[in-house]
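**Q** Quick one: sequence plus predicted model below, questions after.
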Amino acid sequence: MAGRLNVLERVIKAVREVARDEIMSRYLQVERIYKADGSFYTEADLAAQVSLLGRLHEIAPVAMIGEEMSESEQLAQWEAGQDGLWSIDPIDGTSNFLNGLPYFAVSVALMRGGRSVLGVVYNPATDEMFYAEQGKGAFLNGKALPFSRRKIPLNKAIANVDFKRLDRRLAVEIVSRPPYSSQRNYGTCTLEWCYTAAGYFDLYLHGGQKPWDYAAGCLILEEAGGHRCTLSEDDYWSGNPWRRSVIGALDEDLFVLWRDWIRSRVSDIDNLR
């Protein structure tokens, strides 16, 4: 039967099985392991990455980049992967995973020419399977995204904002004079992209992500009809792939208002330097 499954179906099956066998079997049973730079991972991160790399290589034997690889390995695989690259985050939201918060996910994307053509994001704690293929729409557990589209003013919107990676002055401006109604941050980029695609959030802002943070989720938002750019570039895929910011929204009119509000503040900050 596996031979009759298409690529997306095989990826979904692999992600679900790895999450069950390597991640949820270790849920609340592992400790953090610190890296030299002060960041950390767990035994579950490593086991899930090894298993995913093996399974995905059987689906498409192309270059592979994973969060738990060394930086030199990541750079080498990125350079080798212009004709095909698997981008993997075995557990996005490791802090949440360690503390029992049900907001963590496995993220897998297939990229070509530095852009995503297939993306899968799975939260095994809630059994939420988000997925998309280029030109074929986005889905959550078989239901088309988005679940709702709201036409609301900017000051009534709910925003997901990661303040940690924003310029401090921009972060202070947003906190002191927010243009939206309410703010959230779940500590997992991949799910935040998907929650924006579903319509749970109206706005999204993040100051800098790595390929495994954005590759799957960005495609899912795009295929749901959403919009995104970086702090400085209208073409989201241009610029530095190793620290890619995002301004995003599902509704186009709201996206334009949010983008222009953010960029006007960034311009003011740049003028002060």
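**A** That came through, no problem.
**Q** Show me where this structure dips below the pLDDT cut-off.
**A** Low-confidence segments of the chain (pLDDT under 70): 1-3, 268-273.
**Q** how about the strands in the stretch 101-250 of the chain?
**A** Residue ranges of the strands in the stretch 101-250 of the chain, as given by DSSP state E, counting those that start in this stretch, are 105-112, 115-123, 128-133, 138-140, 143-144, 158-162, 182-184, 203-209, 227-229, 244-249.
**Q** can you redo the ones you listed as TSV with mean neighbour count and distance to Ser238?
**A** In this view, the C-beta of every residue, glycine as well, is placed from N, C-alpha and C. Shown next, in TSV, are the strands of the stretch 101-250 of the chain (neighbours: other C-beta atoms under 10 Å; distance: least, C-beta to C-beta, whole Å):
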stretch	mean neighbour count	distance to Ser238
strand 105-112	27	15
strand 115-123	24	11
strand 128-133	24	21
strand 138-140	21	23
strand 143-144	10	29
strand 158-162	20	21
strand 182-184	13	28
strand 203-209	23	15
strand 227-229	20	10
strand 244-249	24	9
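**Q** okay if I get those as JSON lines plus distance to Tyr236?
**A** Output for those, formatted as JSON lines (distance: least, C-beta to C-beta, whole Å):
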{"stretch": "strand 105-112", "distance to Tyr236": "13"}
{"stretch": "strand 115-123", "distance to Tyr236": "9"}
{"stretch": "strand 128-133", "distance to Tyr236": "15"}
{"stretch": "strand 138-140", "distance to Tyr236": "16"}
{"stretch": "strand 143-144", "distance to Tyr236": "22"}
{"stretch": "strand 158-162", "distance to Tyr236": "16"}
{"stretch": "strand 182-184", "distance to Tyr236": "22"}
{"stretch": "strand 203-209", "distance to Tyr236": "11"}
{"stretch": "strand 227-229", "distance to Tyr236": "5"}
{"stretch": "strand 244-249", "distance to Tyr236": "7"}
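**Q** nearest to Arg32, of these?
**A** strand 105-112 (18.0 Å; C-beta to C-beta).
**Q** What pairs with the closest one, parallel or antiparallel?
**A** When sheet partners are counted by DSSP bridges, strand 105-112 sits next to strand 85-92 (antiparallel), strand 115-123 (antiparallel).
**Q** Would you convert the ones you listed into JSON lines that also reports distance to Ser39?
**A** Shown next, in JSON lines, are the strands paired with strand 105-112 (distance: least, C-beta to C-beta, whole Å):
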{"stretch": "strand 85-92", "distance to Ser39": "13"}
{"stretch": "strand 115-123", "distance to Ser39": "21"}
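**Q** Which one of the ones you listed lies nearest to Ser267?
**A** Comparing those by C-beta to C-beta, strand 115-123 comes nearest, at 27.6 Å.
**Q** Can you spell out the domain ranges of this structure, please?
**A** 2-144, 154-272 (automatic domain parsing).
**Q** Buried deepest among those, which one?
**A** Across the domains of the chain, averaging neighbours per residue (mean count of other C-beta atoms under 10 Å) puts domain 154-272 on top, at a mean of 19.
**Q** got a list of what Ile59 touches?
**A** Val7, Arg10, Val11, Ala14 (C-beta atoms under 8 Å, 6 or more residues apart in numbering).
**Q** Next: Ala63.
**A** Ala63 sits in contact with Gln77, Trp78, Ala80, Gly81, Gly84, Leu85, Trp86, where contact means C-beta under 8 Å, 6+ apart.
**Q** Got phi/psi on the closest residue to Ala80 other than its chain neighbours?
**A** Spatial nearest neighbour of Ala80, excluding adjacent residues (C-beta to C-beta, 6 or more residues apart in numbering): Ala63 at 4.4 Å. Per-residue torsions, Ala63: phi -60, psi 160 (degrees, to the nearest 10).
**Q** Bridging across strands, which residues link to Ala63?
**A** Under the criterion used (DSSP bridges), Ala63 bridges to Leu85.
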